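J.: Okay, predicted coordinates and the sequence, questions at the end:
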Amino acid sequence: MIERIAGIAIDTDFTSKISIETPSGLTYGVFCTKETALSTIPSNIYLYTHLVIKDDAHELYGFIDGFERTVFKKLMSVSGLGPKSALSILSNLGVSGLLRALIGKDAAMLAKTPGIGKKTAEKTIIELYSFAEDHQEAITNTVTNPLYHEAFEALVSLGYEEALVKEVLTNMSIDDSMTLSLVMREGMKNLAKNMR
C-alpha cells in the first residue's frame, strides 16, 4: 500500500491528474481534485494516497490531507460510485461543500456533479448522512483553512505525532488573520500540554 507520496509536481492535465517526480527518480501519475491539480505546478507536493487496483490498471489517487482521503473512501463505499465519480464530487464540491450537501440533504447540489444523477445523489445522502453529521466541524473548522495544512506538515516534519497534531490544530481557532508562525507557536504550546 502506498500511503503518501512526496516530490515535485512537474506536469498536469489541469483537470484531475498530476505527475510527481520523487527523490528516487521515479515519476508517478496521481489523480487528484481540480483544485490540487491547478495549485501545484510546479512545486514540492506531499499527498496522502489511495491505490485503486483494477483488472486493467493500478491507479493512484492523491489527497491534500488524511481527512479528504477518508471522505473519498466513504464516497466509494456508496453502491454505484467508483473512484472517478468520488473524485469528481470532491472536485466539484470540496470536502466542506459535500458535507453541507449531505447534512442539508441537498440531492440537487450533489447532482450538479457531471455523471451523478438524482438517484445516486439521494442514495449517497442516505448512506453517508450519519458520517457527515459526525464530522460537521469540518465544514467551518480549521481543516478547510490552508494555514491548517501548512502548520500540520510543518509540525509533523518536526517529529510530532500526526494524530496528536491533527487533534490540536482542529481544536484551535485558525483564521485568515493569523500567520503561520503564530499558528505554529500556539500549536507547539498546545502540543506540549497534551504530551505531559
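T.: Done, it's in. Everything numeric in this text was worked out from a predicted model, so none of it was measured.
J.: got a list of what L147 touches?
T.: 174, 176, 178, 180, 183 (Cβ atoms under 8 Å, 6 or more residues apart in numbering). C-beta coordinates here come from the backbone N, C-alpha and C atoms, glycine included.
J.: low-scoring pLDDT stretches of the chain, where are they?
T.: For the chain, applying pLDDT under 70 flags the ranges 14, 39-42, 137-144, 175-177, 194-196.
J.: quick one: the strands in it?
T.: 4-12, 17-21, 27-31, 43-53, 58-63 (DSSP state E).
J.: Name the member of the contacts of L147 that has the highest neighbour count.
T.: V183 (23 neighbours; other Cβ atoms under 10 Å).
J.: Now do it against V71, distance only.
T.: 23 Å (Cβ to Cβ, to the nearest Å).
J.: repeat for S16
T.: 16 Å.
J.: Include mean neighbour count and distance to A151 when you put the strands of the chain into a markdown table, please.
T.: A markdown table is the format used below for the strands of the chain (neighbours: other Cβ atoms under 10 Å; distance: least, Cβ to Cβ, whole Å):
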| stretch | mean neighbour count | distance to A151 |
| --- | --- | --- |
| strand 4-12 | 17 | 17 |
| strand 17-21 | 20 | 23 |
| strand 27-31 | 18 | 23 |
| strand 43-53 | 16 | 13 |
| strand 58-63 | 20 | 18 |
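J.: I'd like those laid out as TSV, including distance to I103.
T.: Converted to TSV, those look like this (distance: least, Cβ to Cβ, whole Å):
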stretch	distance to I103
strand 4-12	29
strand 17-21	30
strand 27-31	27
strand 43-53	24
strand 58-63	21
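J.: quick one: which of these is nearest P146?
T.: strand 43-53 (13.4 Å; Cβ to Cβ).
J.: And the closest one, what does it pack against?
T.: Under the contact criterion of 3 or more Cβ pairs under 8 Å, 6 or more residues apart in numbering; DSSP states H and E, strand 43-53 touches strand 4-12, strand 17-21, strand 58-63, helix 66-76.
J.: Not counting that strand itself, show me its contacts.
T.: Contacts of strand 43-53 (Cβ under 8 Å, 6+ apart): 1-9, 18, 20, 30, 32, 36, 58-66, 68-69, 72-73, 83, 153.
J.: Okay, angle between it and strand 27-31 too, please.
T.: 70 degrees (axes from the mean of the first three to the mean of the last three Cα atoms, to 10 degrees).
J.: Which neighbours in the sheet does strand 43-53 have, and how are they oriented?
T.: Counting by DSSP bridges, the strands paired with strand 43-53 are strand 4-12 (antiparallel), strand 58-63 (antiparallel).
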